[in-house]
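>>> This is a predicted model, with the sequence first.
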Amino acid sequence: MDDSALPLFGDGDGRASGVDETFGTAHRVRLDAHSWVEHVPGWLLGADADELFRDLLAGADWQQRSRWMYGTRLEEPRLTAEHPDLDGAPEALRHMARALTAHYGVAYDRLWINLYRTHRDSTGWHGDGASARRRECIVPVLSLGAPRRFLVRPTQGGPSRTFRPLAGDLIVMGGRCQVDWRHSVPKDAGPSGPRISVNFAASSQSRPD
Ligand SMILES: O=C(O)CCC(=O)C(=O)O
Ligand SMILES: [Fe+2]
C-alpha cells in the first residue's frame, strides 16, 4: 500500500509530511538588536499543507477557551486544540517538531493548534508568557488554510510590522520577541475562510533562565 494514503490521525505511522528541511526560503527580519522574526515561505509543501489543514479541521480536539478580562469571563474568538505531550499528536506534526528541533536547536515537545473560523476570529496582542519564559526563545508557528495577517509591535508601543504567512509558511519569533515585542492576528475586514496555526513549544523554554 502506498503509505501516502495513510491518514494523519489514527494509530498508524502516518506519512511524514514534506517539509523543507533545508529551510532554504527562510528570510530573517531583524526587529531590533535582540529580536527577530523569520518567515519561511512554503516550508510545508502545498499538497501536504492542504491535506494537513483538512485533517486538522475535521479531526483535532477543538475546545472553546475563555479568560477573565475586566471582571468578566470572555470566550476567546477562536478554537484551540492542545497537545501538551507531543506523543499524542498526529505523526505529521511530530515529524515537523523534529525538523524544527534539528534546525533551531530547541527541543519542541508540545504544541497547540488554533482555528480562526472566519475573518472575525482573532488573537489579541500578547507574548507567549506561559510557554516561553526564557529571556531568549525561538517560537515557530505554522500557518494553514486562509491567509491572515500576523503582526508584531514593541511591548512599549510603537508601529507594528506586518507578516502575511500563506498556507504552509512558517513564522518563527526569536530572541527577546516574547518579552520586548507583542504579536497578534487581528480580525480582517473582508470575508475569509478558516485558518489554522500550529504553535510549537518546548518545556525547556517554559522555565525561566
Ligand atoms: O495564530 C497565530 O498565528 C499565532 C497564535 C499565537 O500567537 C498563540 O496562540 O499564542
Ligand atoms: Fe502567541
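Everything's here; your move. Ligands and ions are numbered 1, 2, ... in the order given.

>>> going forward, measure contacts and count neighbours with C-alpha atoms only.
Will do.

>>> Tell me the residues of this structure that contact ligand 1?
114, 128, 197 (C-alpha under 6 Å from any ligand atom).

>>> Need the CA coordinates for the strand or helix carrying the last one. CSV is fine.
Think S197. Per DSSP states H and E, S197 falls inside strand 195-201. Presented in CSV, the C-alpha positions along strand 195-201 are these (Å, rounded to 0.1, in the frame of the first residue of the first chain):
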residue,chain,number,x,y,z
ARG,A,195,-7.1,29.4,9.1
ILE,A,196,-5.2,27.1,11.4
SER,A,197,-2.0,27.8,13.1
VAL,A,198,0.2,25.2,14.7
ASN,A,199,2.3,26.6,17.6
PHE,A,200,5.4,24.6,18.6
ALA,A,201,6.6,24.9,22.2
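
>>> residues making contact with that strand?
By C-alpha atoms under 8 Å, 6 or more residues apart in numbering, the residues outside strand 195-201 that reach it are 53, 57, 97, 108-118, 131-132, 139-148.

>>> Can you check the pLDDT for the closest residue to ligand 1 within the chain?
Nearest to ligand 1, among the residues of the chain, is S197, at 4.6 Å (C-alpha to the nearest ligand atom). S197 is assigned a pLDDT of 98 by the prediction.

>>> Excluding chain neighbours, what is closest to it?
Nearest residue to S197, sequence neighbours excluded (C-alpha to C-alpha, 6 or more residues apart in numbering): S143, at 4.7 Å.

>>> Averaged over its residues, which helix or strand of the protein has the lowest pLDDT?
Least confident helix or strand, the chain: strand 66-69 with a mean of 88, by mean pLDDT, DSSP states H and E.

>>> Which other helices and strands does that strand contact?
Judged by 3 or more C-alpha pairs under 8 Å, 6 or more residues apart in numbering; DSSP states H and E, the packing partners of strand 66-69 are strand 72-75.

>>> what's the offset of the strand it packs on from the middle of its chain?
Between the centre of strand 72-75 and the centre of its chain there are 24 Å (C-alpha atoms, centre = their mean, to the nearest Å).

>>> Low-confidence stretches in this structure?
1-17 (pLDDT under 70).

>>> middle-most residue in it, spatially?
V141 (2.5 Å; C-alpha atoms, centre = their mean).

>>> Show the contacting residues for G190.
With contacts defined as C-alpha under 8 Å, 6+ apart, G190 is in contact with H119.

>>> where's it relative to H119, distance?
Using C-alpha to C-alpha, to the nearest Å, we find G190 at a distance of 7 Å from H119.

>>> Ok, F53 next?
17 Å.

>>> Which one's more surrounded, those two?
Taking F53 and H119 together and counting by other C-alpha atoms under 10 Å, F53 has the greater number of neighbours (22 against 19).
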